[in-house]
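Student: Below is the sequence, then the predicted model.
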Amino acid sequence: MLEPSVQVESWSGAIANVREQIGRVIVGQQEAVEQMLWCIFAGGHALLEGIPGLGKTVLVRTIADTLDLSFSRIQFTPDLMPSDITGTNVITFGPQGTADTAFQPGPVFSSIVLADEINRASPKTQSALLEAMQEQTVTVGGETRKLPQPFFVLATQNPLEQEGTYPLPEAQLDRFMLKIHVGYPSPEELKEIVRRTTSGGGAVPEKKLDASELMEIRRASREVLLADEVLDYGVRLLMMTHPEEKNAPAAVRSYVRFGSGPRGIQSIISAAKVRAISKGRLHVSTGDIAAVAVPALRHRLFLNFEGQATGVSPDRIIEEVLAALEGSR
């Protein structure tokens, strides 16, 4: 049995190796990559939002290659049916011409599933995937089948086009551990992207982890120490997103209709524990909680009419909550 300090160095080194291999293919996007790794190692699902052409699909595929996990991509369209995702029973004929049924698995039976433009499919189809995310099982023809482990859904949304889309309801958004913004690259990063994509011999990531090692780090993250004072900091952060809370900052009282539910603090703590391991620690700090707060809460704040009309961003509100929380310590 290795000493805890040696184990955490091994785990943080493994996460660093994965991060390095992703960087061989993906230019920039360090913040998005880091947040996706928190989500995957914590066992959650992520919603990626960014304009087209920023490499979201390539990023997800690269992560799957680096972790040596099976990968499937589902392009969501208005005519996509639930059975196109989950699979269906098909009729087969034996050598003697006897008919039978066999289950044909859908693309959801992969360890990493990229749900591309999830808001383009109908609510019925969205709910089929979201049920699989929650239950980790698929039921077809009265038979329930378990999904492979580990299992992650990384869904994308285009924030520019809203015509012909079906926005995810707030209750469904809450199922995603983190909402990750994929930002526009800098001029220098754009130059490097052009160099890599318009010349031959693109970089290929090396496999640095397998499913068993990933699951080991996930189990270890659940054992990371969480002091009562740090948990209290996280709970106060969550409570201050509610406009009726007496210590809520002015931005929350003015622009927020409903604050985050309990899944918000669960997501914050789970991601903060993975961040602690990636930094070589076996305890969560308030800095870890502050670092993961924005991606964990930005899709869990529901703005009122005034907030929507003025165009205030949930990120700015969360940052004001963090500032108020620091000021009250």
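Tutor: Structure received.

Student: S285 against A276, yeah?
Tutor: Yes: the criterion here is CB atoms under 8 Å, and S285 meets it with A276 at 7.0 Å. No exception for glycine: its C-beta is placed from N, CA and C like everyone else's.

Student: For these two, indicate the residue with more neighbours.
Tutor: Using other CB atoms under 10 Å as the criterion, S285 and A276 rank with A276 on top: 22 against 16.

Student: What helix or strand is the more buried one located in?
Tutor: Secondary structure from DSSP states H and E places A276 in helix 262-278.

Student: got a list of what the most centrally placed residue in the chain touches?
Tutor: The structure's the chain has its C-alpha centroid closest to A46; by CA atoms, centre = their mean the separation is 1.6 Å. Going by CB atoms under 8 Å, 6 or more residues apart in numbering, A46 touches 35-36, 39-40, 152-155, 176-180.

Student: For the residue in the chain sticking out farthest from the centre, give its distance to I74.
Tutor: Residue farthest from the centre of the chain, counting by CA atoms, centre = their mean, is Q96 at 48.8 Å. According to CB to CB, to the nearest Å, Q96 stands 37 Å off from I74.

Student: Check E223 too.
Tutor: Per CB to CB, E223 is found 34 Å from I74.

Student: I217 contacts W11, correct?
Tutor: Yes: I217 lies in contact with W11 (CB under 8 Å); the separation is 5.1 Å.

Student: what's the overlap in contacts for those two?
Tutor: Counting by CB under 8 Å, 6+ apart, the residues touching both I217 and W11 are I277.

Student: what residues are up against V8?
Tutor: When contacts are counted by CB under 8 Å, 6+ apart, V8 is found next to 220, 277, 280-282.

Student: So which of those is the closest to S260?
Tutor: I277 (24.2 Å; CB to CB).

Student: Leaving out sequence neighbours, find the closest residue to that closest one.
Tutor: Closest residue in space to I277, ignoring its immediate chain neighbours: W11 at 5.2 Å, by CB to CB, 6 or more residues apart in numbering.

Student: neighbours around the one you found, how many?
Tutor: The tally of other residues near W11 (other CB under 10 Å) stands at 21.

Student: Sticking with it, tell me its helix or strand.
Tutor: Assigned by DSSP H and E, W11 belongs to helix 4-25.

Student: For that helix, buried residues please.
Tutor: Buried positions in helix 4-25, judged by neighbour count with 16 or more other CB atoms under 10 Å: 7-8, 11-12, 14-15, 18-19, 21-23, 25.

Student: How about stretch 37-53?
Tutor: Of the residues in stretch 37-53, 37-50 count as buried by neighbour count, 16+ other CB under 10 Å.

Student: same deal with stretch 168-180?
Tutor: Applying 16+ other CB under 10 Å to stretch 168-180 flags 168, 172-180 as buried.

Student: circling back to that earlier point, more neighbours: E223 and I74, which one.
Tutor: More crowded of E223 and I74, by other CB under 10 Å: I74, with 23 against 11.

Student: What strand or helix carries the more buried one?
Tutor: Secondary structure assignment for I74, by DSSP H and E: strand 71-75.

Student: just so I have it, where are all the strands in the stretch 101-250 of the chain?
Tutor: All strands of the stretch 101-250 of the chain, identified by DSSP state E, counting those that start in this stretch, fall at 112-116, 137-140, 143-146, 152-157, 178-181.

Student: G311: which of those strands is closest?
Tutor: strand 178-181 (15.8 Å).

Student: Quick one: mean pLDDT for the closest one?
Tutor: For strand 178-181, the mean per-residue pLDDT is 91.

Student: Against which helices or strands is that strand packed?
Tutor: Other helices and strands packing on strand 178-181, by 3 or more CB pairs under 8 Å, 6 or more residues apart in numbering; DSSP states H and E, are helix 30-42, strand 46-49, helix 286-297.

Student: got the angle for the first one vs strand 152-157?
Tutor: So the one you mean is helix 30-42. Put simply, helix 30-42 runs at 140 degrees to strand 152-157, going by axes from the mean of the first three to the mean of the last three CA atoms, to 10 degrees.

Student: now the helices for the stretch 101-250 of the chain?
Tutor: 123-135, 170-173, 187-197, 211-222, 228-239, 250-255 (DSSP state H, counting those that start in this stretch).

Student: Other residues contacting the shortest one?
Tutor: Pointing back at helix 170-173 there. For helix 170-173, contacts defined as CB under 8 Å, 6+ apart pick out 47, 126-127, 130, 179, 299-300, 302.

Student: from these, which would you call buried?
Tutor: Among those, those classed as buried by 16+ other CB under 10 Å are 47, 126, 130, 179, 299-300, 302.
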